[in-house]
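mind looking at a prediction? Sequence and model below.
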Amino acid sequence: MGVLKDKRICGIAAGSLTAAVFCSISLIVVLNFLKGTPWYIFSSALRLVFGLVVLYLLKKLYDKDAKEVFRFNDPKAAFAASAGFLLFFVYTAASFCIGAKTVTGLTAGLLISRVILQQLTTGFYEEILFRALMCEGYRYSKGGTAIKLGFALFSSVIFGAVHILTGWDIIRFIETGMIGFAFAVVYLQTGNIILPMILHFVYDVIINFGNYIEWRETEIFSVMLSWRTAAYAVMFVVSLIILIRKEKTESTPYGGKHEDTYSQAR
């Protein structure tokens, strides 16, 4: 197929199809067969399997083996590129510390299956799919800020869309998409997928743990919650600035000297 031979777009095409199949299986199972802890265990296994499928696609389409994919590229630059998300994460963690009163309804089974295991496999699967696979085509494009922004926005839109499959929610779509955009910036700027995986996992653990927290009804906590929209906006703007900032030397999204990989892809 021609689209799979064009390295600029084959990751997007293969990633979109993979996401569609994964979501279809998930919806069929959760709506008809499994609930609660059994679902979270099945979901974790499914994410692991599809993560391995994505690793195969990265090897097949871009000749990147697991060792290359999981290399902790340029950690200093990766942390700098994640500044937008890190600011948002600090705000979220502070909100939880201020507002948490007590934990209720969290069994050992739910803690292991939902809060830890499912989020661990989610960070693995979603990052290599929506960032490593879907954004890899940028390396084989002629570059430019607009192209880089296009890859980041596309992956974030798909990322947001798959999180509202069970019911349309424009707020959740935008918020999830903004988080996906922040992670895409890290990968596009540095090629580092390990840091987004770690940040994704830690953030999801906190958010899912929050489902079992009884909250304090205090004025300061209410104020913190009222800032949430602004916190998302700050994350997006900071990440956008990092993505489009003018580099002192022309470089690839992996921090090396620019090569005409576009011509190689042809």
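Happy to help now that I have it.

ranges for the helices of the chain?
2-5, 10-32, 36-62, 66-69, 75-81, 83-99, 108-110, 118-127, 145-162, 170-190, 194-209, 219-226, 228-244, 261-265 (DSSP state H).

got JSON lines for the ones you listed, with mean neighbour count too?
Yep, even glycine has a C-beta here, placed from its N, CA and C like the rest. Output for the helices of the chain, formatted as JSON lines (neighbours: other CB atoms under 10 Å):
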{"stretch": "helix 2-5", "mean neighbour count": "11"}
{"stretch": "helix 10-32", "mean neighbour count": "16"}
{"stretch": "helix 36-62", "mean neighbour count": "18"}
{"stretch": "helix 66-69", "mean neighbour count": "13"}
{"stretch": "helix 75-81", "mean neighbour count": "16"}
{"stretch": "helix 83-99", "mean neighbour count": "17"}
{"stretch": "helix 108-110", "mean neighbour count": "13"}
{"stretch": "helix 118-127", "mean neighbour count": "23"}
{"stretch": "helix 145-162", "mean neighbour count": "19"}
{"stretch": "helix 170-190", "mean neighbour count": "23"}
{"stretch": "helix 194-209", "mean neighbour count": "19"}
{"stretch": "helix 219-226", "mean neighbour count": "12"}
{"stretch": "helix 228-244", "mean neighbour count": "17"}
{"stretch": "helix 261-265", "mean neighbour count": "13"}
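
give me the low-pLDDT residue ranges for the stretch 151-266 of the chain?
Residues of the stretch 151-266 of the chain meeting the criterion pLDDT under 70: 246-266.

quick one: E175 from I213, how far?
As for E175, its distance to I213 is 19 Å (criterion: CB to CB, to the nearest Å).

let me fix that: A182
As judged by CB to CB, A182 and I213 stand 24 Å apart.

over to S156?
Noted for S156: a distance of 28 Å to I213, by CB to CB.

can you check Y56 too?
Distance from Y56 to I213, by CB to CB: 39 Å.

and if you look at E68?
In this view, E68 and I213 are 40 Å apart by CB to CB.

again with T190
Here T190 is placed at a distance of 34 Å from I213 (CB to CB).

with F159 instead?
Separation of F159 from I213 (CB to CB) stands at 25 Å.

H163 now?
Distance from H163 to I213, by CB to CB: 21 Å.

cool, and I206?
To I213, I206 is 10 Å away according to CB to CB.

any shared contact partners between the two?
Common contacts of I206 and I213 (CB atoms under 8 Å, 6 or more residues apart in numbering): F96.

what's the burial count for the residue lying closest to I147 once chain neighbours are set aside?
Distances taken as CB to CB, 6 or more residues apart in numbering place S141 nearest to I147, at 4.9 Å, with adjacent residues excluded. S141: 17 surrounding residues under other CB atoms under 10 Å.
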